[in-house]
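In: Need the 3D shape of this:
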Amino acid sequence: MSNKQTLSFQAEVAQLLHLVTHSLYSNQEIFLRELISNASDACDKLRFEALNNNALYEDAPNLEVRVSFDQAAKTLTITDNGIGMTAQEAIDHLGTIAKSGTKDFMGKLSGDQKADAQLIGQFGVGFYSGFIVADKITVESRRAGVPAEEGVRWTSGGTGDFEVEAINRAERGTSIILHLRDDAEEYLNAWKLKSVIAKYSDHISLPILMEKEEWKDGELINPADESGGRQPGGMAKTGEWETINKASALWTRPKKDISEEQYQEFYKAISHDHEAPLTWAHNRVEGNTEYTQLLYIPAKAPFDLWNRDKKAGVKLYVKRVFIMDDAEALMPTYLRFVKGVIDSADLPLNVSRELLQESRDVRAIREGSTKRVLSMLEDLAKHDKHEAAAAGADGVTDVVDADDQAKEGKYSAFYAEFGSVLKEGLGEDFGNRERLAKLLRFASTTSDTASVSFADYKARMKDGQEAIYYITADTLAAAKNSPQLEVFKKKGIEVLLMTDRVDEWALNYLNEFDGTPLQSVAKGAVDLGSLQDEAEKKAAEEAAEAFKPLLAKLKEALKDKAEDVRVTTRLVDSPACLVVQDDGMSTQLARMLKQAGQQAPESKPVLEVNAEHALVKKLEGSVHFHDLAHILFDQALLAEGGLPADPAAYVKRVNALLV
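Out: Reported below is the predicted structural model:
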């Protein structure tokens, strides 16, 4: 590398820096958390690489982070003796946002300081938060294992470009020197720095060191006269360094020694989320496999929750040595929103991602952790309606434990964010299918919010009702207004309304709940069993018999579109609707597959007609029979959210009849 290069920031970084330097963070002190967290990660990476190459420790085996300040120079420095960077790594890591979601990231920035603040950490760009307090940042670094003369100095004022030059650096690791702005001089104070570090970084398992200070009286104004007064005194550095954090991994401490605030700050540090988690579980598991788990359920879904290619999972440690972020093998995909740490006592230190897939110990950890997360969710679900349950018939409310009260409404909040992902578990986790089914919530014809469980539905079933009825649709409005619900509404039978894209796929793996079959109202002939009285059945049979000649004509006219045409009892106000055979794929799922560019099996729906409807009666003997038949079919398709295969032909037919 030539001695000094000036390079431009990637466009997204320049945009990001503009936001940061214009006070993106409403909470200014968060920059220190981000920089200390990065320093800790650099030490973790060194420890991991040194498993295969002990020489990387050079002559400094004790990993640490040092924080120092210089009031005269107005600088604050965070130094680690971790893995360090080469010149190219400094250019790559500090000049570009390396994550693939950069465009998503920039699109998410809203100008709302609080909402935007969390995104910086989520994208691994916490380094740039230094520009909240600094008008210039100098980074000096040397990668472990390379010669002293291959050090690098990176400098930027946080505008459009940065400089990189080669330096001699004897120490391994990285120093970040913040040249503080006038409005950030409070960080040139040991007490302030210690209080911020205690608040955000106490859980860091490495020692965070600061130089000790002690009070020193000022010099005599007149050295010959002790009674003549002194210059003002002040705190002076002693040259001795002290550890200012607990320096033990939070999850290794006893639960009783950890405050709620410490648990929450640890979550924020590992997840880069600015909101507190909904709930967490901290346990030591002993038996054939020994491990400690500290698992968190977030309050809000990350913006890339639906990106299944994104690495997700918990942090894996072995005997307190950091091994990897995003250890997917320790948590099933449908729980990819869970954050936390698992520290194993049994896995080898050189465990790889490939080995994780095959290890019996890992399978045991995965099963144990999955059950723990489901238990947390069951606990939240149990307390979700505590308020309603606690109020007696006399209107007197029982005394509710403060702990239970804190959980009220949390499951509804969780489900609104992560319910769709949880449903994936029906197809992915056969062993926990029953537990998952109990955790699912849906809207229904009695509730517009996704608050009805299968158990709630069963408790309200009518005498003689033999199935749990549901309908899938693209939107809640489409589901609520579907012609297929008409007879159910007429008879006051509740139907679950399923509007998530994942619903139909997930329900392929759930045929019944607690012994009661699940039945789509849009599949097969409607059979309400004992809920349909004999007179209705007889009238339907007579109508079907009288209608036979017309049905034959309809079948012929629609042979390219419909598999069959039949009279139905499910319609009350609508002339027609589309259904599929019991084992067929719904038209909604087929549509979704095509939208996603996937092959959907070619299958024709069944057209069911309402023999009592004026439009259907008008078909008999009409000179426009062919056009009316096609309009009937296309309107049934529109009513369930589909589009006619030839919209122009549909419009032409309707117009011809209107004139």
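In: From residue 9, how far out is the residue lying closest to residue 431 once chain neighbours are set aside?
Out: Spatially, and ignoring its direct neighbours in sequence, residue 431 is nearest to residue 367 (7.8 Å; CB to CB, 6 or more residues apart in numbering). To be clear about C-beta, it is placed using only N, CA and C from the backbone, and glycine gets the same treatment. According to CB to CB, to the nearest Å, residue 367 and residue 9 sit 46 Å apart.
In: Looking at those two now, which is surrounded by more residues?
Out: Neighbour count, other CB atoms under 10 Å: between residue 367 and residue 9, residue 9 has more, with 21 against 15.
In: That one is in contact with residue 128, isn't it?
Out: No. Using CB atoms under 8 Å, residue 9 is not in contact with residue 128, being 9.9 Å away.
In: Spell out which residues are contacts of both of the two.
Out: residue 17 (CB atoms under 8 Å, 6 or more residues apart in numbering).
In: Can you pull the poorly scored residue ranges out of the stretch 1-150 of the chain?
Out: For the stretch 1-150 of the chain, residues meeting the criterion pLDDT under 70 lie at 1-2, 12, 18-27, 96-125.
In: All the helices of it, in order from the start?
Out: With DSSP state H, counting those that start in this stretch applied, the stretch 1-150 of the chain shows helices at 11-21, 30-49, 87-95, 102-108, 113-122, listed in chain order.
In: Residues in a beta bridge with the closest residue to residue 503 other than its chain neighbours, which ones?
Out: In space, and not counting its chain neighbours, residue 503 is closest to residue 472: 5.3 Å by CB to CB, 6+ apart. Beta-bridge pairing for residue 472 (DSSP bridges): residue 498.
In: low pLDDT regions in the stretch 251-400 of the chain?
Out: 308-310, 350, 385-400.
In: Apply 50 and report the result again.
Out: Applying pLDDT under 50 to the stretch 251-400 of the chain flags the ranges 386-397.
In: now the strands for it?
Out: 279-285, 291-297, 314-318, 321-327, 339-344 (DSSP state E, counting those that start in this stretch).
In: quick one: which of those strands is nearest residue 138?
Out: Comparing the strands of the stretch 251-400 of the chain against residue 138 with CB to CB, the closest turns out to be strand 321-327 (27.6 Å).
In: Okay, buried residues for that closest one please.
Out: Applying a neighbour-count criterion of 16 or more other CB atoms under 10 Å, the buried positions in strand 321-327 are 322, 323, 324, 327.
In: try stretch 270-284
Out: Quick answer for stretch 270-284 (16+ other CB under 10 Å): 270, 271, 272, 273, 274, 276, 277, 278, 279, 280, 281, 282.
In: Tell me the one of those residues nearest residue 261?
Out: The nearest one, if we look at the buried residues of stretch 270-284 relative to residue 261 and count by CB to CB, is residue 276, at 9.2 Å.
In: quick one: the closest one from residue 521, how far?
Out: 42 Å.
In: now do residue 609
Out: In terms of CB to CB, residue 609 sits 17 Å off from residue 521.
In: who has more neighbours, these two?
Out: The neighbour count for residue 609 versus residue 521, taken as other CB under 10 Å, is higher for residue 609 (27 against 23).
In: Was I right to think that one contacts residue 570?
Out: No. With contact defined as CB under 8 Å, residue 609 does not count as touching residue 570 (10.8 Å).
In: Give the helix, strand or coil label for residue 240.
Out: Assigned with DSSP: H, G, I helix; E, B strand; the rest coil, residue 240 falls in the strand class.
In: Burial check on the residue nearest to it when sequence neighbours are not counted, number of neighbours?
Out: Closest residue to residue 240 apart from its sequence neighbours, by CB to CB, 6+ apart: residue 212 at 4.7 Å. Neighbour count of residue 212, defined by other CB under 10 Å: 15.
In: if we look at the host helix or strand of residue 212, which residues are touching it?
Out: Element membership of residue 212, judged by DSSP states H and E, is strand 208-216. Strand 208-216 is contacted from outside by 36, 64-68, 190, 193-194, 197, 201, 233-245, 247, using CB under 8 Å, 6+ apart.
In: Quick one, which of the residues you listed are buried?
Out: For those, buried by 16+ other CB under 10 Å: 36, 64-68, 190, 193-194, 197, 201, 237, 241, 244-245, 247.
In: distance of residue 484 from residue 559?
Out: 23 Å.
In: So between the two, which is more surrounded?
Out: Per other CB under 10 Å, whichever of residue 484 and residue 559 has more neighbours is residue 484, with 27 against 11.
In: Next, the contact list for the more buried one, please.
Out: 471, 521, 522, 570, 577, 579, 640.
In: Just the ones of those residues in strands?
Out: 471, 577, 579 (DSSP state E).
In: Can you lay out the residues you listed as CSV showing pLDDT, distance to residue 541 and neighbour count?
Out: What follows is the ones in strands among the contacts of residue 484, written out as CSV (pLDDT from 0 to 100; distance: CB to CB, whole Å; neighbours: other CB atoms under 10 Å):
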residue, pLDDT, distance to residue 541, neighbour count
471, 91, 26, 26
577, 87, 20, 26
579, 85, 19, 26
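In: Isn't residue 432 up against residue 370?
Out: Yes. Using CB under 8 Å, residue 432 makes contact with residue 370 at a distance of 6.5 Å.
In: circling back: test for you: state the pLDDT assigned to the residue nearest to residue 240.
Out: Per-residue pLDDT puts residue 212 at 89.
In: so how far is residue 218 from it?
Out: 20 Å.
In: In which helix or strand does residue 166 reside?
Out: strand 161-167.
In: got the angle for the helix or strand following that strand vs helix 87-95?
Out: Using DSSP H and E, the helix or strand that follows strand 161-167 in sequence is strand 173-180. Strand 173-180 runs at 40 degrees relative to helix 87-95, counting by axes from the mean of the first three to the mean of the last three CA atoms, to 10 degrees.
In: If you count contacts, what does strand 173-180 end up packed against?
Out: helix 30-49, strand 75-80, strand 134-142 (3 or more CB pairs under 8 Å, 6 or more residues apart in numbering; DSSP states H and E).
In: I would like the residues contacting that strand, please.
Out: 35, 39, 42, 73-85, 127, 130, 133-142, 144, 187-188.
In: Can you give the contact residues for the top helix by length along the chain?
Out: The single longest helix within the chain, with elements called by DSSP state H, is helix 360-383. Contacts of helix 360-383 with the rest of the structure, by CB under 8 Å, 6+ apart, involve 278-281, 283, 285, 288-289, 291, 293, 295, 297, 314, 329-332, 335, 338, 342, 344, 346-347, 356, 404, 407-408, 410-411, 414, 422, 429, 431-432, 435-436, 438-439.
In: re the thing from before, what residues of the strand holding residue 166 count as buried?
Out: Buried, per 16+ other CB under 10 Å, within strand 161-167: 162, 164, 165, 166.
In: so what's the first one closest to, chain neighbours aside?
Out: Excluding its sequence neighbours, the residue lying closest to residue 162 (CB to CB, 6+ apart) is residue 156, at 3.7 Å.
In: which residues does the one you found bridge with?
Out: Residue 156 forms beta bridges with residue 137, as assigned by DSSP bridges.
In: right, and it touches residue 137 too?
Out: Yes. Taking contacts as CB under 8 Å, residue 156 lies within contact range of residue 137: 6.0 Å.
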